[in-house]
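# following is a predicted model, sequence given first.
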Amino acid sequence: QVALVTGSSKGIGQGLAIGLAESGASVAVNYKTDDVGAAATCGRIHKSGGESQAFQADIGSKYEFEQLIDQVCTRFGRLDVLVNNAARTRFAPFFDVTEEDFDDVINTNLRGPFFGSASAASKMLETGGGCIINISSIAAKMMIPFHSSYTMAKGGLEALTKQLAYELA
């Protein structure tokens, strides 16, 4: 199987990418700016005998996410698993959240997974189906100070997950 993990140059995404590779998947390692971290993720996968390649893309951009899906399918021949893991937060009191901060958080945590899932699902349907996994946060259920846009985005992501399960199952 071929898996794409967004935001897999570090943290949870890196762990997910390595785990998928250890389970036999070829892994597309996505990063926005951390090419060194992405190379480290790929290096760990290769060292254990797995197959991976790093792909730079800002998944908050519909165009870049669609291009990423196309590049992964060209490189590996298919896409079976999409893990929408990339996340972004900007800490600020509710009244101090700027439009730029809001857009950055919403684009990465909600807009990207929406359009990326649509692109991935269409490719998956061409090859018999697949799996889309959305990584949320406790912030969607437990309120955390200065996380208003992040909390909203992760709550929306959970609703999107339910909607996609309903429409694509």
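All right, it came through fine. What you see is a predicted model, and the numbers here were worked out from it, not measured in a lab. Numbers count the residues shown, from 1 in each chain.

# give me every residue that touches the closest residue to Asn107 other than its chain neighbours.
In this structure, Asn107 finds its nearest non-sequential neighbour in Gly60, 3.2 Å apart by C-beta to C-beta, 6 or more residues apart in numbering. Heads up, the C-betas are built off the backbone N, CA and C, glycines and all. Gly60 is in contact with 88, 104, 107-108, 111-112, counting by C-beta atoms under 8 Å, 6 or more residues apart in numbering.

# quick check, nearest of the residues you listed to Gly24?
Among those, Gly112 lies closest to Gly24 (C-beta to C-beta), at 26.8 Å.

# for Met152, what is the enclosing helix or strand?
Assigned by DSSP states H and E, Met152 belongs to helix 148-168.

# quick one: mean pLDDT over that helix.
The average pLDDT for helix 148-168 rounds to 97.

# ok, and what's touching it?
Here helix 148-168 makes contact (C-beta under 8 Å, 6+ apart) with 84, 88-90, 94, 97, 101-102, 105-106, 108-110, 113-114, 117, 121, 132, 134, 136-137, 139-140, 143-144.

# what about the residues you listed, which are in helices?
Among those, the ones falling in helices (DSSP state H) are 101-102, 105-106, 113-114, 117, 121.

# which one (most neighbours) among those?
Of all these, the most densely surrounded is Pro113 (30 neighbours; neighbours counted as other C-beta atoms under 10 Å).

# that one and Gly7, how far apart?
Note on Pro113: its distance to Gly7, by C-beta to C-beta, to the nearest Å, is 11 Å.
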